[in-house]
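Peer 1: Provide a 3D model corresponding to the input given below.
(one chain, ligands or ions: 1)
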Amino acid sequence: MKQPKEEITFHDLSPEKEIFLNDVCDGLSKPQKTLPCKYFYNEVGSRLFNAICRTVEYYPTRTELGIMKTYAGEMADMLKPGCLFIEYGSGIGEKVRLLLEHLKELSGYVPIDISKEHLKEAAEDLNRDYPDLEVLAVCADFTKEFSIPAPQKNVTQKVIYFPGSTIGNFHKEAACHLLENMANSLESGDGLLIGIDLKKNEEILIQAYNDNSSFTEAFNRNILLRINKELDGDFQLDWFDHEAFYEESKGCVEMHLVSRREHKVTIHGQTFQFLKGESIHTESSHKYTIDEFSALAKQANFNLKKSWIDENDFFGVLYLEVI
Ligand code: AVI
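Peer 2: Predicted coordinates:
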């Protein structure tokens with residue numbers, strides 16, 4: 001049995017409550033009320049998301065995992081021995097393990113996640129299972145500026161791993177901006193391995209965001225519960241209905257919380273008026289073709305090197321390099 005080694009390095013850069021409050025109040029003051037979807041992921045939200053990933057309707061997780069299981073060796077072959085592997089939104093770290101089996105000579109692994117509890121647990125588990133790997137966990141909002149810690153070993157190449165089609169949760173300009181930030185944190189020849197949810201039949205998409213077990217509904221409403229708990233809000237959760245539909249013109253699934261009645265909500269002393277039928281837009285999940293994504297990445301200075309797709313063309317894992 002492998003012995004636990006010394007503790008992981010943990011860099012806590014989690015966003016302040018004040019920023020959370022500002023983001024919430026800003027979003028709810030707009031004509032189309034919005035809430036940033038990154039706030040879904042507190043402990044309960046992360047658990048609900050993991051439950052969504054196991055539903056029959058939500059195909060992206062199992063499809064991406066299937067691609068990783070089949071092609072992890074080929075993916076690892078694209079990377080240089082001694083590379084620093086940096087995972088954006090590392091979650092429970094399930095997918096990276098498939099790659100780690102093939103990436104024997106990493107200089108280090110940097111999991112980055114906004115959910116502190118999940119990150120700590122996953123990083124500690126990984127540290128135990130891969131005693132020779134230096135794990136440098138960073139709790140941060142990766143949409144904001146942060147620095148990537150340096151491992152003790154020499155770094156030959158940096159590779160960002162961004163699985164789960166999380167890039168789809170950014171509007172096109174924001175996605176391009178995030179890709180630009182990634183490219184700026186890298187050098188020519190460094191890599192990006194990214195999961196993309198592909199365009200497909202609308203019915204499949206609608207079902208994926210309206211699962212029969214109602215985990216997606218609970219996940220959507222949990223953002224209101226989090227505001228109540230952390231920002232002294234008084235949302236009545238059952239006065240909001242979960243709604244998710246495909247918006248063809250934007251190429252995305254949109255999630256909303258629709259008010260069942262006219263009412264007021266108070267958050268940290270500020271009042272927000274809701275009309276009957278008025279919605280809070282909580283998430284957009286963009287779907288791409290490989291060509292669309294490759295063109296977007298090109299704008300951010302990334303060149304597509306290789307892509308791996310499942311047999312139904314539902315999901316793609318793409319490897320790109322900084323030009
Ligand atoms: C994390 N992200 C890629 C998920 C998605 O599909 O957009 C979040 C999610 N929202 C509802 N179900 C899953």
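
Peer 1: drop to CA atoms for contacts and neighbour counts, all remaining ones
Peer 2: Will do.

Peer 1: So which bits of the stretch 201-323 of the chain are right by the ligand?
Peer 2: Selection of the stretch 201-323 of the chain residues close to the ligand by CA under 6 Å from any ligand atom yields 209, 216, 285.

Peer 1: my guess is the second one is in a helix, correct?
Peer 2: Yes - counting by DSSP: H, G, I helix; E, B strand; the rest coil, residue 216 is found in a helix.

Peer 1: and it, how many neighbours?
Peer 2: Per other CA atoms under 10 Å, the neighbour tally for residue 216 reads 26.

Peer 1: dump the residue contacts of it.
Peer 2: Contacts of residue 216 were listed using CA atoms under 8 Å, 6 or more residues apart in numbering, and they are 48-49, 52, 209-210.

Peer 1: Hmm, residue 234 is touching residue 264, no?
Peer 2: No - the criterion here is CA atoms under 8 Å, and residue 234 misses it with residue 264 at 9.1 Å.

Peer 1: mean confidence score for stretch 90-104?
Peer 2: Taken as a whole, stretch 90-104 has a mean pLDDT of 87.

Peer 1: Same question for it: list its buried residues.
Peer 2: By 16 or more other CA atoms under 10 Å, the buried positions in stretch 90-104 come out as 90-93, 95-96, 98-100, 103.

Peer 1: biggest separation within the residues you listed, which pair?
Peer 2: For those, the maximum inter-member distance is 19.5 Å, found between 91 and 103 (CA to CA).

Peer 1: that older thread, more neighbours, residue 234 and residue 264?
Peer 2: Shown here are residue 234 and residue 264; by other CA under 10 Å, residue 234 has more neighbours (17 against 13).

Peer 1: Specify the next element, helix or strand, located C-terminal of the helix or strand encompassing residue 272.
Peer 2: Assigned by DSSP states H and E, residue 272 belongs to strand 270-274. Next along the chain after strand 270-274, taking DSSP H and E as the criterion, comes strand 279-286.

Peer 1: Against which helices or strands is that next one packed?
Peer 2: The contact analysis (3 or more CA pairs under 8 Å, 6 or more residues apart in numbering; DSSP states H and E) places strand 279-286 against strand 33-34, strand 252-259.

Peer 1: which phi and psi does the residue of the stretch 101-250 of the chain found nearest the ligand have?
Peer 2: Taking CA to the nearest ligand atom, the ligand has its nearest neighbour within the stretch 101-250 of the chain at residue 166, 3.8 Å off. Main-chain torsions, residue 166, degrees, to the nearest 10: phi -60, psi -30.

Peer 1: And stretch 229-238, end to end?
Peer 2: Criterion CA to CA, to the nearest Å; first-to-last residue distance in stretch 229-238 is 16 Å.

Peer 1: now stretch 310-323
Peer 2: 27 Å.

Peer 1: How about stretch 86-104?
Peer 2: So stretch 86-104: terminal residues 15 Å apart, CA to CA.

Peer 1: What lies in contact with it?
Peer 2: Stretch 86-104 has contacts (CA under 8 Å, 6+ apart) with 65, 68-69, 72-73, 75-76, 81, 109-115, 118-119, 121-123, 142, 158-163, 166.

Peer 1: List the ones among those that fall in helices.
Peer 2: Cross-referencing the contacts of stretch 86-104 against helices under DSSP state H gives 65, 68-69, 72-73, 75-76, 118-119, 121-123.

Peer 1: which one of those sits closest to residue 28?
Peer 2: Out of these, the member with the shortest distance to residue 28 (by CA to CA) is residue 118, at 28.2 Å.

Peer 1: so what's that closest one up against?
Peer 2: Neighbours of residue 118 in contact, by CA under 8 Å, 6+ apart: 43, 46, 91-92.

Peer 1: and those residues, which of them are in helices?
Peer 2: 43, 46.

Peer 1: Output the contacts of residue 118 in CSV, with distance to residue 246 appended to each entry.
Peer 2: As requested, these are arranged in CSV below (distance: CA to CA, whole Å):
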residue, distance to residue 246
43, 28
46, 23
91, 26
92, 28
